[in-house]
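>>> Just to be clear, the model below is a prediction. Sequence and coordinates:
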Amino acid sequence: MVVDVVGNRLDGRFIGVGGAVVDHFTVLKGSLAGDVNGDCMVDLADLAGLLSHFGLGPDARIDDGDLNGDGMVDLSDLAALLAGFGGACP
Ligand SMILES: [Ca+2]
Ligand SMILES: [Ca+2]
């Protein structure tokens, strides 16, 4: 998660004509695939975080476990986490 100087999250949504949410974006710090909680490690805490939100959407965020930024926490995100499991920031 990335925040501004007063603590506001920098994630957001793109709003289309009529006010509908047409897409989401998440600002990431670093690029450690699978790091749900942003502690620079991909471990059981990340897996637990993702699984506790599994099925959430369409407004899920990376700290819910939405690793690919599509707003859903699903098998694609779980696969990404497992692919990076055990990793750490340099
Ligand atoms: Ca982590
Ligand atoms: Ca996702």
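Everything's here; your move. Ligands and ions are numbered 1, 2, ... in the order given.
>>> Could you tell me which residues of the protein lie near ligand 2?
66, 68, 70, 72, 77 (Cβ under 5 Å from the ion). C-beta here means a position set from N, CA and C on the backbone, and glycine is covered the same way.
>>> Can you tell me which of these are buried?
Those of the residues of the chain next to ligand 2 that meet the buried threshold are 66, 72, 77, by 16 or more other Cβ atoms under 10 Å.
>>> need these in JSON lines with pLDDT, can you?
Putting those into JSON lines (pLDDT from 0 to 100) gives the following:
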{"residue": "66", "pLDDT": "93"}
{"residue": "72", "pLDDT": "96"}
{"residue": "77", "pLDDT": "95"}
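>>> Let's have the residues you listed in a markdown table, adding distance to residue 53 and secondary structure.
Below are those laid out as a markdown table (distance: Cβ to Cβ, whole Å; DSSP: H, G, I helix; E, B strand; the rest coil):
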| residue | distance to residue 53 | secondary structure |
| --- | --- | --- |
| 66 | 8 | coil |
| 72 | 10 | coil |
| 77 | 9 | helix |
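>>> Tell me the spacing between the residue lying closest to residue 14 once chain neighbours are set aside and residue 55.
Excluding the flanking residues, the one nearest residue 14 by Cβ to Cβ, 6 or more residues apart in numbering is residue 23, at 4.3 Å. Distance check for residue 23 against residue 55: by Cβ to Cβ, to the nearest Å, it reads 21 Å.
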